[in-house]
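**Student:** Sharing a model that was predicted from the sequence below.
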Protein chains: 4
Amino acid sequence: MDLSGIYPPVTTPFTATAEVDYGKLEENLHKLGTLPFRGFVVQGSNGEFPFLTSSERLEVVSRARQALPKDKLLLAGSGCESTQATVEMTVSMAQVGADAAMVVTPCYYRGRMSSAALIHHYTKVADLSPVPVVLYSVPANTGLDLPVDAVVTLSQHPNIVGIKDSGGDVTRIGLIVHKTRSQDFQVLAGSAGFLLASYAIGAVGGVCALANVLGSQVCQLERLCLTGQWEDAQKLQHRLIEPNTAVTQRFGIPGLKKTMDWFGYYGGPCRSPLQELSPAQEEALRLDFASNGWL
Amino acid sequence: MDLSGIYPPVTTPFTATAEVDYGKLEENLHKLGTLPFRGFVVQGSNGEFPFLTSSERLEVVSRARQALPKDKLLLAGSGCESTQATVEMTVSMAQVGADAAMVVTPCYYRGRMSSAALIHHYTKVADLSPVPVVLYSVPANTGLDLPVDAVVTLSQHPNIVGIKDSGGDVTRIGLIVHKTRSQDFQVLAGSAGFLLASYAIGAVGGVCALANVLGSQVCQLERLCLTGQWEDAQKLQHRLIEPNTAVTQRFGIPGLKKTMDWFGYYGGPCRSPLQELSPAQEEALRLDFASNGWL
Amino acid sequence: MDLSGIYPPVTTPFTATAEVDYGKLEENLHKLGTLPFRGFVVQGSNGEFPFLTSSERLEVVSRARQALPKDKLLLAGSGCESTQATVEMTVSMAQVGADAAMVVTPCYYRGRMSSAALIHHYTKVADLSPVPVVLYSVPANTGLDLPVDAVVTLSQHPNIVGIKDSGGDVTRIGLIVHKTRSQDFQVLAGSAGFLLASYAIGAVGGVCALANVLGSQVCQLERLCLTGQWEDAQKLQHRLIEPNTAVTQRFGIPGLKKTMDWFGYYGGPCRSPLQELSPAQEEALRLDFASNGWL
Amino acid sequence: MDLSGIYPPVTTPFTATAEVDYGKLEENLHKLGTLPFRGFVVQGSNGEFPFLTSSERLEVVSRARQALPKDKLLLAGSGCESTQATVEMTVSMAQVGADAAMVVTPCYYRGRMSSAALIHHYTKVADLSPVPVVLYSVPANTGLDLPVDAVVTLSQHPNIVGIKDSGGDVTRIGLIVHKTRSQDFQVLAGSAGFLLASYAIGAVGGVCALANVLGSQVCQLERLCLTGQWEDAQKLQHRLIEPNTAVTQRFGIPGLKKTMDWFGYYGGPCRSPLQELSPAQEEALRLDFASNGWL
């Protein structure tokens, strides 16, 4: 499975009463589907997956698959805390249309999540998954990095095809690319802030929250990198850093959804306990886009 | 509701095939029920709650309530990531017998869990819970501390009766006791390692993993503190620190369960991805008990 | 050497042009000298020692010794980054009157400060010091905790008499007391916020920034603890937490010095890069004292 | 002042009795001087500057300047904890031959090192320095990042010409390049591990510990980046990551000096409390070079 390319980690739209709004999900996907993305991630961290029931999680995957063109890959976040639950969710998501499973590190017992424990977890999931597995390391949410030695070991599993790394440490990304070079293993940058650097060091694409709102720009950055136009790439990358930080670390999913509203998509509310932005935060968010020429 | 006293946060026993072993749960509770505990916590962090399905979570509460004497309080960990799910779990747990709900801070989106967000979350849960709510802050697992100002605000809610604080910062515990002194708000130490110090500073009890194996000793420490026998208390406390660290930070639930096997309870396996101890770890665990005279 | 008791870690007064104001130092010490302290610390973290030249460091020790009654211990912070410089400073400080040397952990190369390295460092210093050595662990400034195993090993050195532990982790303090019980080794709490708890768990005293301004109250807290009046101790401790946090973590030395000005001592400016408090910070500082009845 | 290029942050050689070995320093510089470096850094973190006396610090600068060809820039680390001491050291180092001063963030009082405090500190130093100032942010040693907003403000100072950023966060590096684009401000990567990525995002060079031992390779990586040979650059960068980590994070200066011995330079001992590598560590160090084809 060739993972190369850009993926928006799509948000889960909710109604004013906090029901999943599948219609809005489809609308968003139809709009996003016209852009040159390699595919889509549902239920990455931006999908508020910890707030969804199991049946909602499956229904989102199912609807997304139906709403998307056949040639777009659908990566579904199937991670749960227990190995068994993750296996079951992975199998079920594959059944309803996921092309690959993106599996976040379990994290509640992070003090016990040694390389050995994580290798055991992912091996079990990959053994039993009907679709390829993509590792997913996102320390800002989980408080742990999937250790490089575990990644290298897991890269040898025939059903593990890559990793989404959201930590932003390009030295680590480079090392992973280097130490898995003899495997068919692909690295995706987990954020638009270090996308150019990741391409430069050997990543094959990115899963970028920012692509939900500046999708064509993120795809343009990809193209500039792939065609060796590094100076133009650098200029574009520079202008994407602040907007990217704004919709991730700084203002999180409420910031991303607010921006989606501005850019013609449906953002809408988050589920509680995520809170709406204050007017001052909204203004700061707007400035992060405006000062870089995007609003 | 008077929370004063000691509570073991009971483990969830599993069979060799990782099914919940309700029979073993009842056996453990029957044995533990003879000790002078104020009550029991089910589905604290030691209960592997993130690995249980919703129906398992409820069944554990129901079985525990039936297995326990009427005068023992049953605190049930009902926390989920979303406010709505937490409300539903809390209500359901109350229906099957929980005397109070112990609600851990949501944590996956810790970067957005401001005081305002957490106050909103807990207020909603407390508004809708048929039983009293106990706040639960456990930074080793969640990566966040429930801020003191949020605790103080929440202490004014008529249905929030206390907090279990597992962070081990007694300055913070003292400050919480001080700033909630005009409320009917009770602080429970979240570990046996700082139990004496917590009593000294105004806590009314403790939820102590170690009480699953050294239950009478932890209760004796309580009694020594309450009766002002601080010198003896200090000596006993000293001998409990290493065993306590061993079954929490150092070796986690696998260590606690292994020790339960040694002390006549059913420990058994954990659900994956938690791994069994290696022989060397088991030896180190044993030494932490033996060198303090407990084995 | 009996370390039992309370010590203010005195500040280093500066003139408006940032010269050390030895006269003001002496005035402060004369005033503080009337309180029932066991002694005084010069060039702890509150003494701005990293901003002093070697000759200033020695002159401060010399002046302090002369200004103080004979029966007051003078602990002098002699820590430097290199072992050799620490030895030299320790010897020189002893020559000009220090009764003991309080030696902070070297920290710039914290990634290499293993137990072995720290044991080597302190052993060398203690071997060559003409006066007893007190270990000093202050992770808020150094970014590292002196590991318990290193403390236990070092406690066996005949010229190492104790530790000032400013980390605030009473479980750790209890463990150190426990594991050094067969040695003549004394633990001092490094802050007034956890002084009661430290006494309860076996510490023999405290080095408390707050004692620079609420000296009699900190000594009263000591007395209440030593005479077993734990309820009154608790009430007093509670009222000291916020003021203590204000002059340490929250507003640092600029906050402590400002408060000294309020309480009849000479605070004055800090050396740059430490900055004066803003008016809003000053107001918040005042409130932390006033709301607890101290202003 | 054009900073573009590669700089080894040279080590300070010591004799067996821990005296500075100026002769060996000169020998090392003569050997290194034949490589196409832009210049040299003395008393960066790898120079053990916290272990040197003031006169040693100046003598090292003086000897280095004399040992080096005129066209090689000499950046001297002049940072101290106080602003005043930093100013004095900077002026003195300029007098003995430093072409620019590289000023590390003060860090002992990191809790008070707000942007305002750091801006004040660096402005004062830059105002009074006879030579250009390079900011230096190295969170692994100092526990703090010089905030981006402070960097942007300081970039406007006519005597501040750039920053050495050792944190490894290329998103941050890109943002600094972007937000200082209207200033004559240059960014140097602080380690060889993210050198390619830094060039890709707009840095103009690097200060790389690894250049002390694999100097020609690091310069080759620079050349490949500057001439747009990104594929070859990537391959070379990959092979440098593990050796670089080995001589920095993993084994620190003792590792770097040991490697220098292997590569024909004088490494020698560190000053205490830095310890020699154990045989097992030495073996692991060797493997990090050998497995990448460098030994």
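**Tutor:** Arrived safely. Residues are numbered from 1 along each chain as shown, chains lettered A, B, ... in the order given.
**Student:** shaky segments in the stretch 151-295 of chain A?
**Tutor:** Low-confidence segments of the stretch 151-295 of chain A (pLDDT under 70): none present.
**Student:** What segments of it are helices?
**Tutor:** For the stretch 151-295 of chain A, the helices defined by DSSP state H, counting those that start in this stretch occupy A:170-179, A:195-201, A:215-226, A:230-245, A:252-262, A:279-290.
**Student:** Quick check: which of the ones you listed is nearest to chain C?
**Tutor:** Closest approach to chain C among the helices of the stretch 151-295 of chain A (C-beta to the nearest C-beta): helix A:170-179, 15.6 Å. All C-beta spots, glycine's among them, are computed from the backbone N, C-alpha and C.
**Student:** wait, doesn't residue A:218 sit right on residue A:239?
**Tutor:** No - between residue A:218 and residue A:239 there is no contact under C-beta atoms under 8 Å: 11.4 Å.
**Student:** of these two, who's got more company?
**Tutor:** residue A:218 (28 against 18; other C-beta atoms under 10 Å in any protein chain shown).
**Student:** contacting residues for the closest residue to the more buried one other than its chain neighbours?
**Tutor:** Nearest residue to residue A:218, sequence neighbours excluded (C-beta to C-beta, 6 or more residues apart in numbering or on different chains): residue A:211, at 4.3 Å. Residues near residue A:211 by C-beta atoms under 8 Å, 6 or more residues apart in numbering or on different chains: A:6-8, A:35, A:37, A:192, A:218-219.
**Student:** go again using 10 Å as the cut-off
**Tutor:** Contacts for residue A:211 were tallied using C-beta atoms under 10 Å, 6 or more residues apart in numbering or on different chains; they are A:6-10, A:32, A:35, A:37, A:40-41, A:192, A:195, A:217-219, A:221-222, A:244.
**Student:** isn't residue A:34 right up against residue A:215?
**Tutor:** Yes - contact status for residue A:34 versus residue A:215: in contact at 9.2 Å, counting by C-beta atoms under 10 Å.
**Student:** re earlier: most tightly packed of the helices of the stretch 151-295 of chain A?
**Tutor:** Ranked by mean neighbour count under mean count of other C-beta atoms under 10 Å in any protein chain shown, the helices of the stretch 151-295 of chain A are led by helix A:195-201, which reaches a mean of 29.
**Student:** how about the CA coordinates for that helix, as PDB?
**Tutor:** C-alpha atoms of helix A:195-201 as PDB (Å, rounded to 0.1, in the frame of the first residue of the first chain):
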ATOM      1  CA  LEU A 195       6.000  19.000   6.600                       C
ATOM      2  CA  LEU A 196       8.800  20.400   4.400                       C
ATOM      3  CA  ALA A 197      11.500  19.300   6.900                       C
ATOM      4  CA  SER A 198       9.900  15.800   7.000                       C
ATOM      5  CA  TYR A 199       9.900  15.500   3.200                       C
ATOM      6  CA  ALA A 200      13.500  16.700   3.200                       C
ATOM      7  CA  ILE A 201      14.500  13.900   5.500                       C
END
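**Student:** Spell out the residue ranges of the helices in the stretch 1-150 of chain A.
**Tutor:** Taking DSSP H, counting those that start in this stretch as the test, the helices found in the stretch 1-150 of chain A are A:22-32, A:54-67, A:83-95, A:115-128, A:139-142, A:148-154.
**Student:** now for those helices, which one comes closest to residue B:138?
**Tutor:** helix A:139-142 (15.7 Å; C-beta to C-beta).
**Student:** Can you report the mean pLDDT over the residues of that closest one?
**Tutor:** Averaged over helix A:139-142, pLDDT sits at 98.
**Student:** Select, out of the helices of the stretch 151-295 of chain A, the one closest to residue C:156.
**Tutor:** Of all these, helix A:170-179 sits nearest to residue C:156, with 41.5 Å by C-beta to C-beta.
**Student:** Quick one: neighbours of residue A:116, just the number.
**Tutor:** 13.
**Student:** which residues sit in contact with it?
**Tutor:** A:150, A:153, B:273, B:275, B:278.
**Student:** Now flag whichever of those is closest to residue B:61.
**Tutor:** Nearest to residue B:61 out of the contacts of residue A:116 is residue B:273 (C-beta to C-beta; 24.5 Å).
**Student:** who touches the closest one in this structure?
**Tutor:** A:81-84, A:86, A:105-106, A:109, A:112-114, A:116-122, A:124-125, B:51.
**Student:** Which residue is the nearest non-sequential neighbour of it?
**Tutor:** Nearest to residue B:273 is residue A:121, by C-beta to C-beta, 6+ apart, at 3.9 Å.
**Student:** do the same with residue A:240
**Tutor:** Nearest to residue A:240 is residue A:192, by C-beta to C-beta, 6+ apart, at 5.3 Å.
**Student:** Now tabulate the helices of the stretch 1-150 of chain A in TSV and tack on distance to residue B:227.
**Tutor:** TSV is the format used below for the helices of the stretch 1-150 of chain A (distance: least, C-beta to C-beta, whole Å):
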stretch	distance to residue B:227
helix A:22-32	62
helix A:54-67	51
helix A:83-95	47
helix A:115-128	44
helix A:139-142	45
helix A:148-154	51
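**Student:** Which of the ones you listed sits closest to residue B:20?
**Tutor:** helix A:83-95 (11.8 Å).
**Student:** residues in contact with the closest residue to chain C within the stretch 1-150 of chain A?
**Tutor:** Using C-beta to the nearest C-beta, residue A:111 is the residue of the stretch 1-150 of chain A that sits closest to chain C, at 15.7 Å. Residues near residue A:111 by C-beta under 10 Å, 6+ apart: A:143-144, B:140-141, B:248-252.
**Student:** Intersect the residues you listed with the contacts of chain C.
**Tutor:** When contact is defined as C-beta under 10 Å from any C-beta of the partner chain, those meet chain C at residue B:249.
**Student:** Considering the contacts of residue A:111, which possesses the most neighbours?
**Tutor:** residue B:248 (25 neighbours).
**Student:** Grab the nearest non-local neighbour of it.
**Tutor:** The spatially closest residue to residue B:248, leaving aside those adjacent along the chain, is residue B:209, at 5.4 Å (C-beta to C-beta, 6+ apart).
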